[in-house]
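*Asks:* Sequence and computational prediction follow.
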Amino acid sequence: MAQTETLAIGQNVKRIDAHGKVTGETPYPGDIDMDGQLWMKLRYSDRAHARILSVVTSAAEKLPGVVKVFTAKDVPVNEYGLIIRDQPVICGLGSAKLGTDIVRCYADYVAVVVAETEAIAAQAVKLIKVEYEDLPGVFDPEAAMKPGAPLLHENTPDNILSHYRIRLGDMGTGWAQAEVLVEGEYSTGYQEHAYLQPEAGLGYIDEQGRVAIVVAGQWTHEDQDQVAHALGLPHDQVRIIYPAIGGAFGGREDMSVQVVLGLAAYNLRRPVKIIWSREESILYHHKRHPITIRTKWGATKAGKIVALEARIVGDVGGYAYTSTKVMANANLMVSGPYEIPNMHIDTYGVYTNN
C-alpha cells in the first residue's frame, strides 16, 4: 500500500501548541483545579546545617481549616534522589533511615501543611515550632574537601561526591614542546533558570485509585520512580501528567513538589494543590552549579596545542541531584574541541551547605 509523505523542509510549519499559548487558553499546572481541592504550603529549614531535635505542629493543627500537617514520620520511605537517594522527602524525626533528622541546606522541607485554603496553609506553616542543634556548615567547596571539614554525608569522605580524571600522554613531554603558556582561573556563578511558571502542581486519586500528579517536569518516568519509591507503591499505582511545562532549562530535572503532592493525595484521598511564589522558586529550587576552573595550556608558536592541565571544582550543594552528570560534562568539555596529545585533568563535585 502506497504511503503519502509530507515534506516539511523549506515549509512554514505551524507549531501545534502555538495557538493555545499565545491566546492564554493552554493550561499550565498552576491553572488546573478540581472540585473540593485542598491547598498545600511547605515549611522550609531555618538552618543551613543542623540536627532537628523536635518539630511541634500542635498550634498549626489547631488552626481552623487545617486538614493535616505531614512530618518525616509520615513518609513511608523517606528518601529520594536522581543519582543517589541521599535526600529526605521531609527532614525530621521518626524515619527509619539514618540521617533524615539533619537539614543540609535552607531548601530542605521540615513540614508540609494541607488546609482548606492557601491563606490558611500559609498561616499554619508559621505556627510550626522547630528546635535545632546547630552543626558546623561549610560553604566553600575547596574548604569542604580539606581534612577535618564538616561532613554532610557520613559515607562521603572529604565531601567529594565525584572525582573524574583524564590522563593522556606525558605532561613532561608536552610542556617541553610548548613555546607558549597560558594560565588562568575562571568561575561561573549559580544559574537561576527563571522559567515562566514557578513550581506548581495538583495531586489527586484518579478513577482507578492511582496517585495522579499533574506537574511540570522534564522526565515523567523518573518522576514516577521517585514518587513510587518514597510512597512505597508499585510504579503502576503512580501517574505523572505533564500539561504545558512553562519552561525548564534543566531546573525541573530534579524534584520539587511531586513527592509531597503524592503523599498528601494518597493519605487524604482529596485533590491537593500547590503553587510556589516566585520568591520560593528562586530561593528553593535547584540551580546550575557554581564551578571554578583552573587551566594551564601549552602550545607551539605554530598554533598547535600540545598540553593541557586543568582542575575543576563544582559546588554540588547539599545533595547529589544530577551533579555527577554535570561534572562529568565539565570534565569532558574543558579541553574544548581540540585534539591534545598530553592532558592531565581532575574534576571534583563537592557537597556543601549551599
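*Replies:* Noted; the coordinates are in hand.
*Asks:* From residue 247, how far off is residue 14?
*Replies:* Separation of residue 14 from residue 247 (C-beta to C-beta, to the nearest Å): 21 Å. Where you see a C-beta, it was placed from the backbone N, CA and C, and this is true even at glycine.
*Asks:* Hmm, residue 47 is touching residue 103, no?
*Replies:* Yes. Residue 47 is within contact range of residue 103, at 5.6 Å (criterion: C-beta atoms under 8 Å).
*Asks:* on that earlier part again, residue 14 and residue 247: which has the busier surroundings?
*Replies:* Taking other C-beta atoms under 10 Å, residue 14 and residue 247 do not tie; residue 247 has more neighbours (15 against 8).
*Asks:* hey, what's in contact with both of residue 47 and residue 103?
*Replies:* Here residue 47 and residue 103 share the contacting residues residue 132, scored by C-beta atoms under 8 Å, 6 or more residues apart in numbering.
*Asks:* Looking at the two, which has the bigger crowd around it?
*Replies:* residue 103 (27 against 21).
*Asks:* can you pull the contacts of the more buried one?
*Replies:* Contact analysis of residue 103 by C-beta under 8 Å, 6+ apart lists 45, 47, 48, 49, 50, 52, 91, 110, 132.
*Asks:* same thing but at 6 Å, please
*Replies:* Shown in contact with residue 103 (C-beta atoms under 6 Å, 6 or more residues apart in numbering): 45, 47, 50, 91.
*Asks:* Next, count neighbours for residue 83.
*Replies:* 15.
*Asks:* these two touch, right, it and residue 320?
*Replies:* Yes. Here residue 83 lies in contact with residue 320, judged by C-beta atoms under 6 Å, at a distance of 4.8 Å.
*Asks:* Selection in ChimeraX covering whichever of the contacts of residue 103 are buried, please.
*Replies:* This is the ChimeraX syntax for the buried subset of those, where burial follows 16 or more other C-beta atoms under 10 Å:
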select :45,47,50,91
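*Asks:* Among the contacts of residue 103, which are located in helices?
*Replies:* Within those, no residue falls in helices by DSSP state H.
*Asks:* Please export the C-alpha coordinates of stretch 115-125 as CSV.
*Replies:* The C-alpha trace of stretch 115-125 is given here as CSV (Å, rounded to 0.1, in the frame of the first residue of the first chain):
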residue,chain,number,x,y,z
ALA,A,115,-5.5,23.2,54.5
GLU,A,116,-8.9,24.3,53.1
THR,A,117,-7.4,27.5,51.6
GLU,A,118,-3.9,28.7,50.5
ALA,A,119,-4.1,31.5,53.0
ILE,A,120,-4.8,29.2,55.9
ALA,A,121,-1.9,26.9,54.9
ALA,A,122,0.4,29.8,54.7
GLN,A,123,-0.6,31.0,58.1
ALA,A,124,-0.2,27.5,59.6
VAL,A,125,3.4,26.9,58.5
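*Asks:* Only the buried residues of that stretch, if you could.
*Replies:* So for stretch 115-125, counting by 16+ other C-beta under 10 Å, buried means 115, 120, 121, 123, 124, 125.
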